[in-house]
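# Need the 3D shape of this:
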Amino acid sequence: MSRANFRDDLDDLVHSPVRFSLLASLANVDSADYQSLKEALDISYTLLSKHAALLDDAGYILVQKSVLGGSRRTRYALTAKGRLAFEKHVQALERIIDGRAFTVRDPQENPDSRK
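Residues are numbered from 1 along each chain as shown. A predicted model of the protein is given here:
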C-alpha cells in the first residue's frame, strides 16, 4: 500500500471533530438521547442537529424521534455502517500516528551517522 493510501482511508464525513466525537460517544452505548450527547460533547443544540443530520443522511447513525408525555424525545444510535466507517477511520489514524504511513527524515541528522 502506498503511503498516500493511508490518508485515503480517512473518511471526510467522520473526520470532523464534532462528528468524530459523536460517533465515538455512540460506539460505546446502544443509543443516547439528545440532551446527554449535547452535554457530553459540550456543543449547542444546533450544532448537534446539523452534524447528526449529516451522519443520518450517510446512514452512519439512526435518529429515533418520539413523543413521551407531550415532550419530544430524540435518540441516536450507531448503525453497522457507521461503526465500520468509524473503526476504519480510527485504524487509518492509528497507522498514521504509529509512523507506519510516513517516514520523516530529521534535517539535523547527518546521513553519515546512520552507517
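# where's Leu32 relative to Tyr76, distance?
That one is not Leu; residue 32 is Ala. With distances taken as CB to CB, to the nearest Å, Ala32 is found 6 Å from Tyr76. All C-beta spots, glycine's among them, are computed from the backbone N, C-alpha and C.
# Equivalent analysis for Glu109, please.
Distance, Glu109 to Tyr76, by CB to CB: 48 Å.
# So which of the two has more stuff around it?
Tyr76 (24 against 9; other CB atoms under 10 Å).
# Now do the host helix or strand of the more buried one: which elements does it pack against?
Using DSSP states H and E, Tyr76 maps to strand 71-78. Here strand 71-78 touches helix 17-26, strand 32-33, helix 34-41, strand 61-68, going by 3 or more CB pairs under 8 Å, 6 or more residues apart in numbering; DSSP states H and E.
# Rounded mean pLDDT for the first one, please.
The predicted model gives helix 17-26 an average pLDDT of 97.
# Compute the inter-axis angle for that helix and strand 61-68.
70 degrees (axes from the mean of the first three to the mean of the last three CA atoms, to 10 degrees).
# got the buried residues for helix 17-26?
18-23, 25-26 (16 or more other CB atoms under 10 Å).
# Quick check, central residue of the chain?
Nearest to the mean C-alpha position of the chain, by CA atoms, centre = their mean, lies Phe20 at 2.4 Å.
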